[in-house]
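Q: when you get a sec, could you give me coordinates for this:
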Amino acid sequence: MNFLAHLTLGFKHPDWTYGQFIADAVKGSQHEQLPTDIRIGVLAHRYVDYHTDTHPATLQLREKLRGNFGLLTPIVIDVLFDHALAVHWNEYYATPLDEEIDFYHELLVNHPHPMPVKAKTLAEYMIGQKWLHRYASTEGMEITFHQMSKRFPNGHQLAQVMRELAPFERDLHDTFALVYPEIREGCEKIIPTFGLTSRRI
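A: Next up is the predicted model:
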């Protein structure tokens, strides 16, 4: 899962959602120094990543795409899952996607807890360049992958993702439809336990 999916799995709780976003900038046991509800969001993010990456359906999709995208396949799938979520948004949520994105942007800009520098820079780019809005269209995804291609060795593979996706598009959407609801349900059930300091992912 990428930015959009992680934000939704904060369940619109301001601190959980904030924690989901900053989680990649919180290393190791640093989450133990955070306020409880932000810590919950960070641990929920780790839960989502682990269970998405190890889900049998995700692993099957990874094998299908590996020949096209090599070592970048996990990154490709993360971003494409956000694309699938945006395309099928109305199947999961009643609030319009643009309205939901506005909520996330406002939350990240106005949250009172100091944001880690890495996460703050990421938020500024994400909001300023409207990354979350792009996920809903093929054209937006082409821009996203083109920009990503500049940040990775052999990144030219990323610039071709949307052109090479056609044979696997049904597999992508079917996999997402299986994985996302399962991860969302699991995260919602287990998230209260993340407030306990003894909890580990």
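
Q: and the worst-scoring helix or strand of the chain on mean pLDDT, what does it pack against?
A: Taking mean pLDDT, DSSP states H and E as the measure, the helices and strands of the chain show their lowest mean at helix 156-159, namely a mean of 87. Helix 156-159 is packed against helix 56-69, helix 138-149, with contacts defined by 3 or more Cβ pairs under 8 Å, 6 or more residues apart in numbering; DSSP states H and E. Heads up, the C-betas are built off the backbone N, CA and C, glycines and all.

Q: mean confidence score for the longest helix along the chain?
A: If you go by DSSP state H, the chain has its longest helix at helix 169-190. Average pLDDT, helix 169-190: 95.

Q: same thing with stretch 32-46?
A: Mean predicted confidence for stretch 32-46 is 90.

Q: what's it in contact with?
A: Here stretch 32-46 makes contact (Cβ atoms under 8 Å, 6 or more residues apart in numbering) with 6, 9-10, 13, 15-24, 26, 31, 113, 187, 191, 194-195, 197, 199, 201.

Q: about what we covered before: quick check: next helix or strand after the least confident helix or strand of the chain?
A: Sequence-wise, the next helix or strand downstream of helix 156-159 (DSSP states H and E) is helix 161-164.

Q: pull out the buried residues from that next one.
A: 161-162 (16 or more other Cβ atoms under 10 Å).

Q: coming back round to it: show me the contact partners of the least confident helix or strand of the chain.
A: 68-70, 72, 75-76, 145-146, 148-149, 152.

Q: can you check stretch 107-118 too?
A: 14-15, 17-18, 21-22, 24-26, 34-35, 38, 123, 127.

Q: most widely separated two among those?
A: Spatial extent of the contacts of stretch 107-118 (Cβ to Cβ) is set by the pair Pro35 and Ile127 at 23.1 Å.

Q: if we can go back for a sec, to Phe176, which of the helices and strands packed on helix 156-159 lies closest?
A: It is, among the helices and strands packed on helix 156-159 and with distance given as Cβ to Cβ, helix 56-69, at 8.9 Å.

Q: would you mark the buried spots in that closest one?
A: Result for helix 56-69 [16+ other Cβ under 10 Å]: buried residues 57-58, 61-62, 65, 68-69.

Q: now that helix, how far from the chain's geometric center?
A: 18 Å (Cα atoms, centre = their mean, to the nearest Å).

Q: tell me what it is packed against?
A: Counting by 3+ Cβ pairs under 8 Å, 6+ apart, helix 56-69 packs on helix 73-87, helix 156-159, helix 161-164, helix 169-190.

Q: so for Gly140, which of these sits nearest?
A: Per Cβ to Cβ, nearest to Gly140 of the helices and strands packed on helix 56-69: helix 73-87, 8.5 Å.

Q: output stretch 12-30 as PDB, restricted to C-alpha atoms.
A: Only the C-alpha atoms of stretch 12-30 are listed here, as PDB (Å, rounded to 0.1, in the frame of the first residue of the first chain):
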ATOM      1  CA  LYS A  12     -10.100   9.400  10.000                       C
ATOM      2  CA  HIS A  13      -8.800   9.500  13.500                       C
ATOM      3  CA  PRO A  14      -6.400  12.500  13.400                       C
ATOM      4  CA  ASP A  15      -3.500  11.000  15.300                       C
ATOM      5  CA  TRP A  16      -3.800   7.500  13.800                       C
ATOM      6  CA  THR A  17      -3.900   9.000  10.300                       C
ATOM      7  CA  TYR A  18      -0.900  11.300  11.100                       C
ATOM      8  CA  GLY A  19       1.000   8.300  12.500                       C
ATOM      9  CA  GLN A  20       0.300   6.300   9.400                       C
ATOM     10  CA  PHE A  21       1.800   9.100   7.300                       C
ATOM     11  CA  ILE A  22       5.000   9.700   9.300                       C
ATOM     12  CA  ALA A  23       5.700   6.100   9.900                       C
ATOM     13  CA  ASP A  24       8.500   5.600   7.400                       C
ATOM     14  CA  ALA A  25      10.400   8.500   9.000                       C
ATOM     15  CA  VAL A  26      10.100   6.800  12.500                       C
ATOM     16  CA  LYS A  27      12.800   4.200  12.700                       C
ATOM     17  CA  GLY A  28      13.100   1.200  15.000                       C
ATOM     18  CA  SER A  29      11.900   1.900  18.500                       C
ATOM     19  CA  GLN A  30      11.500   5.700  18.000                       C
END
